[in-house]
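Asker: Provided below for reference: sequence and predicted model.
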Amino acid sequence: MNTFTQKHAPNPALLGAFWFGIQMVWGALLGISLQSRSFEFYPHDAIRAYNALAIAGACVAAATQITAGIYSDRRRKNGSRRLEFYACGAVIGAAAVLWFYLAPDFRQLAAALLVLQLGLNIAIGPYQAAIPDFIEDLKLGGASAWMAALQSLGNVAGALAASFLKNAAAVGAAIAAVLLAGFAVTATHVRTLEPLVRTATPLRVTGVFIDLFISRALMYVGFYTLLGYLYFYVERLLPGDPKASVGELLVTFLTAAAIGAALAGRAARFDRRAVAAAGGCMFILALIAFLFSKNGPELFGAAMLAGIAWGVFLTADWILGCALLPRGSLATAMGVWNLALLVPQMLAPAIVGAVLGALNALQSPDAARIAFVVACLEVAAGVAWLRRLPAPGAENA
């Protein structure tokens, strides 16, 4: 562990303010707006249109994060706090999210999404290195819980904006304003901090790194399957405005996730693999509950269970990443690690699309139910893979 006396104590809430803004974007787009705008332009083939957008956006995000992470680590060696990457991502992201909500046709919608993925992912890899850049190892658990909770709360804010603001320009403006405000808060705080002294080394892809990547990727494939097809499930099951219904479900899910993250903060000090696995098992139970839900109250109960489970996993996931990723190449490592989040954004619609295509069920009323069965299998595989990670204290063995 590196010891270093900060001139100003790092505050996880202030460091996480930009994360709140970033996650507000994704809470709005990935949970509601990408699906609803696909339905707007292609009402009879919305799942296919959504799949194409989700896969293309994730491809741009993956390439951008790796490139930005490598360049960020080079800048870090020369004393940079990585703030230039935060600023670039915030400005491009704010402009692109406005364009997304005002796009008059599908082509412009797709272009806006790709620019948005480009902009935000210039910032995300370098920004996620902020916690291990400034927080000492013994305090990573509390900081990780803050990041997981702010992620969930940001997603809640995005879901609320996308669901209940009726004017598209107002939705885009609200999200862009919060994104820029979050950047300003975090950047102001980072300028008062001195990074911990870490030895700069090239990224080495070890067996532990590979297992960490695979276990995370499998869990996120299941998560993005639920998130991506919930709109289509609710649209078939519940009467009324599906955007409002999905928004209410996501607020329930994400509020519960913040609670789960807070509850998992202390437990994750011990065996974070077990905490992550417990979250995954609870998430599987919630997916099964979704499958058997027949009305609103049952759906909301399933959403609450799923949210608590995901919050537990998120906290353990952050701690695993901060503990096991190499300190000397943090932004590069974070960029590669985040491929385990971005690749699932491509894989989830691709896998479900292939399964539905094989079953001739792309336009079937049961398409979303089939997607949830696939998600159960994906999360179960992720839980099983977690056992391959080293136990606490054995990371460097």
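Answerer: Done, it's in.
Asker: Any chance you could list what contacts stretch 57-64?
Answerer: Contact with stretch 57-64 is made by 113-114, 116-118, 120-122, 339, 342-343, 345-346, as judged by Cβ atoms under 8 Å, 6 or more residues apart in numbering. Where you see a C-beta, it was placed from the backbone N, CA and C, and this is true even at glycine.
Asker: what pLDDT, on average, does that stretch get?
Answerer: Stretch 57-64 shows an average pLDDT of 86 in the prediction.
Asker: For that stretch, list the C-alpha coordinates in CSV.
Answerer: Taking Å, rounded to 0.1, in the frame of the first residue of the first chain, the C-alpha atoms of stretch 57-64 are listed here in CSV:
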residue,chain,number,x,y,z
GLY,A,57,-23.0,2.6,-29.9
ALA,A,58,-21.2,0.0,-27.7
CYS,A,59,-18.6,-0.6,-30.5
VAL,A,60,-17.7,3.1,-30.5
ALA,A,61,-17.6,3.2,-26.7
ALA,A,62,-15.2,0.3,-26.5
ALA,A,63,-12.7,1.6,-29.0
THR,A,64,-12.8,5.1,-27.4
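Asker: since we're on residue 346, how many residues are nearby?
Answerer: Residues near residue 346, counting by other Cβ atoms under 10 Å, number 20.
Asker: Just list the residues touching residue 80, thanks.
Answerer: Contacts of residue 80 by Cβ under 8 Å, 6+ apart are residue 72.
Asker: distance of residue 91 from residue 14?
Answerer: 20 Å (Cβ to Cβ, to the nearest Å).
Asker: Please apply the same query to residue 320.
Answerer: Counting by Cβ to Cβ - residue 320 and residue 14 are separated by 24 Å.
Asker: ok so, going back, ok, and the most crowded of the contacts of stretch 57-64?
Answerer: residue 121 (30 neighbours).
Asker: right, and it touches residue 68 too?
Answerer: Yes: proximity of residue 121 to residue 68 meets the contact threshold set by Cβ atoms under 8 Å, at 6.7 Å.
Asker: Now for those two: what residues contact both?
Answerer: Joint contacts of residue 121 and residue 68 (Cβ under 8 Å, 6+ apart) do not exist.
Asker: okay, residue 320 and residue 14: which has more neighbours?
Answerer: Neighbours were counted for residue 320 and for residue 14 using other Cβ under 10 Å; residue 320 has more, 25 against 17.
Asker: okay, the spatially closest residue to that one that is not a sequence neighbour: pLDDT?
Answerer: Spatial nearest neighbour of residue 320, excluding adjacent residues (Cβ to Cβ, 6 or more residues apart in numbering): residue 272 at 5.3 Å. We have a pLDDT of 78 for residue 272.
Asker: how many neighbours does residue 272 have?
Answerer: Neighbours of residue 272 under the rule other Cβ under 10 Å: 27.
Asker: Enumerate every residue touching it.
Answerer: 316, 319, 320, 323, 392.
Asker: So which bits of stretch 296-304 are buried?
Answerer: For stretch 296-304, the neighbour count (16 or more other Cβ atoms under 10 Å) marks 296, 299, 300, 302, 303, 304 as buried.
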